[in-house]
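>>> Quick check, what structure comes out for this input:
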Amino acid sequence: MILQIEGPYSPVFYNEITRKKNFGHISMQFEYYWMCLSFLISNGEFIFTVMYFVFSMQGLFQSPVFYSFHLLDVINRVPALQTIILTVTLNMG
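All right, here's what the predicted structure looks like:
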């Protein structure tokens, strides 16, 4: 409970002299690392960066086709390109 409310730098867990975390029991240490991992998994920006890196490595080692995912990202980020894509797709009918 203290870990969730006050965090890992609570005086209960943090030794000021040695500047190390001491959770006392392995279950508390596991809970700390589990909370850190769950934050990373739920953080959208981190997942986006990892996927960007994965597609870059696949494009580098496997096939250059995977770089098209980067192009899709660029199209989504630049509003001028979005309007160009929109006009091209609307004029087809």
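>>> Tell me which other helices or strands the helix or strand harbouring Phe55 touches.
Under DSSP states H and E, the secondary-structure element containing Phe55 is helix 44-61. Applying 3 or more Cβ pairs under 8 Å, 6 or more residues apart in numbering; DSSP states H and E, one finds that helix 44-61 makes contact with helix 68-77. (Glycine included, C-beta is placed from N, CA and C.)
>>> could I have the helix it packs on exported to CSV, CA atoms only?
Taking Å, rounded to 0.1, in the frame of the first residue of the first chain, the C-alpha atoms of helix 68-77 are listed here in CSV:
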residue,chain,number,x,y,z
SER,A,68,6.0,2.1,-45.8
PHE,A,69,4.7,2.1,-42.2
HIS,A,70,7.0,5.2,-41.6
LEU,A,71,5.4,6.8,-44.7
LEU,A,72,1.9,6.2,-43.3
ASP,A,73,3.1,7.9,-40.1
VAL,A,74,4.4,10.9,-42.0
ILE,A,75,1.1,11.2,-43.9
ASN,A,76,-0.8,11.2,-40.6
ARG,A,77,1.4,13.9,-39.1
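>>> Now do it: which elements does it pack against?
helix 44-61, helix 79-90.
>>> Serialize those helices to JSON lines and add fields for mean pLDDT and mean neighbour count.
Putting the helices and strands packed on helix 68-77 into JSON lines (pLDDT from 0 to 100; neighbours: other Cβ atoms under 10 Å) gives the following:
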{"stretch": "helix 44-61", "mean pLDDT": "89", "mean neighbour count": "12"}
{"stretch": "helix 79-90", "mean pLDDT": "78", "mean neighbour count": "10"}
